[in-house]
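In: Here you go, sequence then predicted model.
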Amino acid sequence: MDIVIRAAEPSEYAALGDITAQAYLGDGLLDFGASDAYLGALRDVGKRAAAAEVLVAVQGERLLGGITFVPDGGPMADIARPGEAEIRMLAVARAGRGRGAGEALVRACIDRARATGDRTRIVLSTQSAMRTAHRIYERLGFVRTPGRDWSPLPEVPDLTLLTYELTL
C-alpha cells in the first residue's frame, strides 16, 4: 500500500502531536533546558496549522508521521529569510520508520516550495543526533550551511542546531 502525503486534518492533530513528541522523546532529542516548552510546541499541531502547513504521511488508515512546511515566514519560521521556505518538526512514528514516510514528507515540502514560483531556497534546522534525517536531506540535495547554525537557547550552549538548504 502506498504512502499518501496530504494536509493534516483537525481530527488528526492530537495523534500527530503524540507521534511528534514521542519521536523526539524516544530519540533523546529533548535532553536540554526548556525542553518542556518545546515538547508543548511539538504537541500543539493546531497552533502550527494556524500559522503554516502541516502535512501528514498516511498508509491506508495509519498515520505514520508529519512535517510542518512554512512557505513564507511568519511565527513558525526560525531561520527563513525573504524568498526562502522552511521545514520544521519532521517526525515519523517508530512503527512507521524505514518505509519512506520521512523522505516522502520532505519531498512534498520541496514540491510545495517549487510550486510557489517565488521561493529560491528551502531551509531547515536539525540536531546533530538526527542522523537519519540528515541522510534524507542530503539524498534530496540539501547541503549544510554551517554559517547559519544557531542556538535556540543561548542559556544551553551545548544545543547548536545545524542548518541545511536546498536551492530550488
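Out: It's in. Quick caveat: nothing in here was measured; it's all calculated off a predicted structure.
In: all contacts plus neighbour counts: C-alpha atoms, from now on.
Out: Will do.
In: Now do the SS call for Ala91.
Out: Put simply, Ala91 is strand when judged by DSSP: H, G, I helix; E, B strand; the rest coil.
In: And it, how far from Arg112?
Out: 18 Å (CA to CA, to the nearest Å).
In: These two: who's more crowded?
Out: Ala91 (27 against 17; other CA atoms under 10 Å).
In: correct me, but the more buried one touches Ala15?
Out: No - counting by CA atoms under 8 Å, Ala91 stays clear of Ala15, with 12.0 Å between them.
In: which residues of this structure score low on pLDDT?
Out: Counting by pLDDT under 70, the chain has low-confidence residues at 27-37, 154-157.
In: just the strands in it please.
Out: 3-7, 53-59, 62-70, 84-92, 121-126, 143-144, 162-167 (DSSP state E).
In: show me the contacts for the closest residue to Asp44 other than its chain neighbours.
Out: Nearest residue to Asp44, sequence neighbours excluded (CA to CA, 6 or more residues apart in numbering): Gly17, at 6.1 Å. By CA atoms under 8 Å, 6 or more residues apart in numbering, the contact list for Gly17 reads Leu42, Arg43, Asp44, Val45.
In: quick one, longest helix in the protein?
Out: Assignment by DSSP state H gives helix 101-116 as the longest helix of the chain.
In: Need the CA coordinates for that helix. CSV is fine.
Out: What follows is helix 101-116, C-alpha atoms only, in CSV (Å, rounded to 0.1, in the frame of the first residue of the first chain):
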residue,chain,number,x,y,z
ALA,A,101,7.5,8.3,5.0
GLY,A,102,10.1,10.8,6.1
GLU,A,103,11.5,11.2,2.7
ALA,A,104,8.0,11.5,1.2
LEU,A,105,7.2,14.3,3.6
VAL,A,106,10.4,16.2,2.8
ARG,A,107,9.8,15.7,-1.0
ALA,A,108,6.2,17.1,-0.6
CYS,A,109,7.7,20.2,1.1
ILE,A,110,10.2,20.7,-1.7
ASP,A,111,7.4,20.3,-4.3
ARG,A,112,5.3,22.9,-2.4
ALA,A,113,8.3,25.4,-2.3
ARG,A,114,8.9,25.0,-6.0
ALA,A,115,5.2,25.5,-6.8
THR,A,116,5.2,28.9,-5.2
